[in-house]
Structure formats: C-alpha cells, structure tokens
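>>> after the sequence you'll find the predicted model.
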Amino acid sequence: MTETPVTAPVFPPGRYGRRRSGKPTSRLLIGVLAVIMLAMTGWIGVRLYQAYGDTDYSSAVTRFSLADREVSVEFIVRIPAGASASCIVRARNAAGVEVGRDMIVVDAGVDPARTVATHRLVTSDRPVTGEVEGCVPAGSGATLR
C-alpha cells in the first residue's frame with residue numbers, strides 16, 4: 001500500500017486576506033505565568049486553611065444521655081493552657097429541628113488538650129441527639145461558622 005503525499009493547501013491570492021506567521025510563545029512568558037499561578041494557588045490555600053483549618057479550640061462529643069425534655073452532653077474540648085472557650089451545645093429532635101441551644105464557657109482543665117465538660121440542656125421537644133456545634137475563644141466576640 002502506498003501513502004498519498006500530503007501537501008499544504010494553496011489559497012487563491014487576495015481571497016482570504018493576509019496569513020499571519022505563527023510566533024512561538026516565549027518560554028519566559030510561560031514560566032512567569034506558571035510562577036504566578038503557583039503563587040496564587042498557594043495564597044488561596046493558606047487563606048482557606050486560616051479560615052477553615054485546624055484551630056486551637058475544638059470539641060468532640062464523647063456521650064450524651066436523653067430524657068423526655070432534656071439531654072446531657074459530655075464532650076472533650078481542646079483549649080490553650082490558661083484560656084477559656086465558649087461552646088455551643090444543642091439538641092435536635094427526630095425531624096432534625098433544633099429543640100434546645102445553650103452557649104457555655106469551659107475553662108481549661110489540668111490537661112488543656114483534653115478538658116472534659118458536661119452540660120444538661122433543657123429542650124422544647126423530645127431530643128434524639130445532643131451535640132456541640134463548636135467552640136471559640138471566650139469573650140473574643142468570635143462566632144462559629
């Protein structure tokens with residue numbers, strides 16, 4: 001089998017306007033754009049980590065016990081030594097509706113990384129779960145996301 005030679009198309013003169021010569025993109029320009037994109041990606045990553053990343057104040061529910069119109073929530077809070085945290089404790093019913101909410105202040109314990117707190121929350125309906133929405137530095141005016 002023989003191959004057919006491929007030739008460049010020939011256009012009639014003056015019909016399609018002047019053809020541009022292709023200029024190769026400068027390697028320097030590509031390098032500069034790559035560095036700018038890398039810097040922007042890094043900056044965005046740092047900003048997102050600052051907003052949503054690991055904090056000095058965190059909480060985890062260890063257990064909760066339910067009654068007809070109340071829930072007792074036991075949780076561990078990580079607090080910097082000598083500081084206090086404001087934590088939001090809430091309860092929800094079977095439909096997922098919030099039926100109780102309190103903000104409590106927890107002081108750092110002997111081991112600030114594992115301060116245990118217990119809170120009894122009175123609810124407006126029968127709860128099915130008790131949870132800690134989050135913790136922020138006490139008195140800082142910071143709000144939970």
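Right, received. Where do you want to start?

>>> domain map for the protein?
26-55, 58-137 (automatic domain parsing).

>>> tell me how far the ends of the last one are from each other?
Using Cα to Cα, to the nearest Å, one end of domain 58-137 lies 10 Å from the other.

>>> would you map the strands across the protein?
58-66, 70-78, 84-92, 98-107, 115-122, 129-137 (DSSP state E).

>>> switch those over to TSV; also include mean pLDDT, mean neighbour count and distance to Leu29.
Every C-beta, even on glycine, is put in place using the N, C-alpha and C of the backbone. Formatted as TSV, the strands of the chain follow (pLDDT from 0 to 100; neighbours: other Cβ atoms under 10 Å; distance: least, Cβ to Cβ, whole Å):
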stretch	mean pLDDT	mean neighbour count	distance to Leu29
strand 58-66	92	15	45
strand 70-78	94	20	48
strand 84-92	93	22	51
strand 98-107	93	16	55
strand 115-122	94	16	55
strand 129-137	91	19	46
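
>>> redo those as a markdown table? Include distance to Thr25.
A markdown table is the format used below for the strands of the chain (distance: least, Cβ to Cβ, whole Å):
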| stretch | distance to Thr25 |
| --- | --- |
| strand 58-66 | 48 |
| strand 70-78 | 51 |
| strand 84-92 | 54 |
| strand 98-107 | 57 |
| strand 115-122 | 58 |
| strand 129-137 | 49 |
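
>>> so which of the ones you listed is nearest Arg18?
strand 129-137 (65.4 Å; Cβ to Cβ).

>>> what lies in contact with that closest one?
Taking Cβ atoms under 8 Å, 6 or more residues apart in numbering as the criterion, the residues outside strand 129-137 that touch it are 56-61, 64, 66, 71-73, 75, 77, 79, 83-92, 106, 121, 142-145.

>>> just stretch 75-83 next, same as before
Identification of contacts with stretch 75-83 by Cβ under 8 Å, 6+ apart yields 56-62, 85, 87, 89, 106-108, 112-118, 132, 135, 137-138.
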